[in-house]
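>>> what's the 3D shape of this:
(2 chains)
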Protein chains: 2
Amino acid sequence: MKVQKEQVFIDFSAIDWEHPAEGIRRKVMAYGDQLMAVYVEFAKGAVGALHHHPHLQITYIQSGSFDVTIGGVTTRQKGGDFYYIPADVVHGVVALEESVLVDFFTPMREDFVPKERPAMETAGA
Amino acid sequence: MKVQKEQVFIDFSAIDWEHPAEGIRRKVMAYGDQLMAVYVEFAKGAVGALHHHPHLQITYIQSGSFDVTIGGVTTRQKGGDFYYIPADVVHGVVALEESVLVDFFTPMREDFVPKERPAMETAGA
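All right, here's what the predicted structure looks like:
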């Protein structure tokens, strides 16, 4: 497979911010059809509302702290911690201070793919 | 699906370090059969040797800087940047300073699963 440099090396400064909700901004950083990474900053008190999706998700809490709710259970987590969302389980967060997390999804969230950056196909492409 | 608290909320302090290579230590943080997150610290000069695997991988560079090689192309990346490894493409890193990255794999790396923490099954489990 020939590597397309701009699709495998993604500079933080090259990606635009999106503003999906009050006090939240994100960069959809890296993705192919089967895996996606999204960097998300939260202002203090910002709410990632309860929702669910068929994609598996693991989130890395890069800094700050959150009350994280998964499947009706709420736990306080902080920078360095991770959480795992099984498919279709309802989840959400509340940022207790300025905080950053990085979400990973499999398969990718098609609804998050920027029009100007189509996803790479997986193996065999 | 009933959430098992210790499998969905993973505290950094609860996971043991492993030492896969000189100057490298890691924590296998979160995983189910289709997705895995691994936190990796590098000493200055430590080498993640060139290798390949059928798993798709996205890596978040949490801090520091690396020379990252993917498919024969080498680029310098720093904290905040991401890289994407298509299936079976040869890749490796050299840490230019004390650095941290977080690797995500789909499907999970079965070879990384600690015996005492079997993986959660995916949807429907």
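
>>> can we go C-alpha only for contacts and neighbour counts from here?
Noted.

>>> for A:Gly32, list the residues it contacts.
The contact partners of A:Gly32, taken as C-alpha atoms under 8 Å, 6 or more residues apart in numbering or on different chains, are A:Met108, A:Ala119, A:Met120, A:Glu121, A:Thr122.

>>> and it, what are its bridge partners?
Judged by DSSP bridges, the bridge partners of A:Gly32 are A:Leu35, A:Met120.

>>> measure A:Tyr15 to A:Lys27 for me?
No Tyr there; residue A:15 is Ile. Counting by C-alpha to C-alpha, to the nearest Å, the gap from A:Ile15 to A:Lys27 is 6 Å.

>>> follow-up on the earlier one: so which of the contacts of A:Gly32 wins on neighbours?
A:Met108 (21 neighbours; other C-alpha atoms under 10 Å in any protein chain shown).

>>> wouldn't it be in contact with A:Ala30 here?
No. At 9.7 Å, A:Met108 does not count as touching A:Ala30 under the criterion of C-alpha atoms under 8 Å.

>>> okay, and the common contacts of those two?
When contacts are counted by C-alpha under 8 Å, 6+ apart, A:Met108 and A:Ala30 have A:Met36 as shared neighbours.

>>> with distance to B:Thr59 and pLDDT added, can I get the contacts of A:Gly32 in JSON lines?
Below are the contacts of A:Gly32 laid out as JSON lines (distance: C-alpha to C-alpha, whole Å; pLDDT from 0 to 100):
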{"residue": "A:Met108", "distance to B:Thr59": "15", "pLDDT": "91"}
{"residue": "A:Ala119", "distance to B:Thr59": "16", "pLDDT": "85"}
{"residue": "A:Met120", "distance to B:Thr59": "16", "pLDDT": "76"}
{"residue": "A:Glu121", "distance to B:Thr59": "17", "pLDDT": "70"}
{"residue": "A:Thr122", "distance to B:Thr59": "16", "pLDDT": "63"}
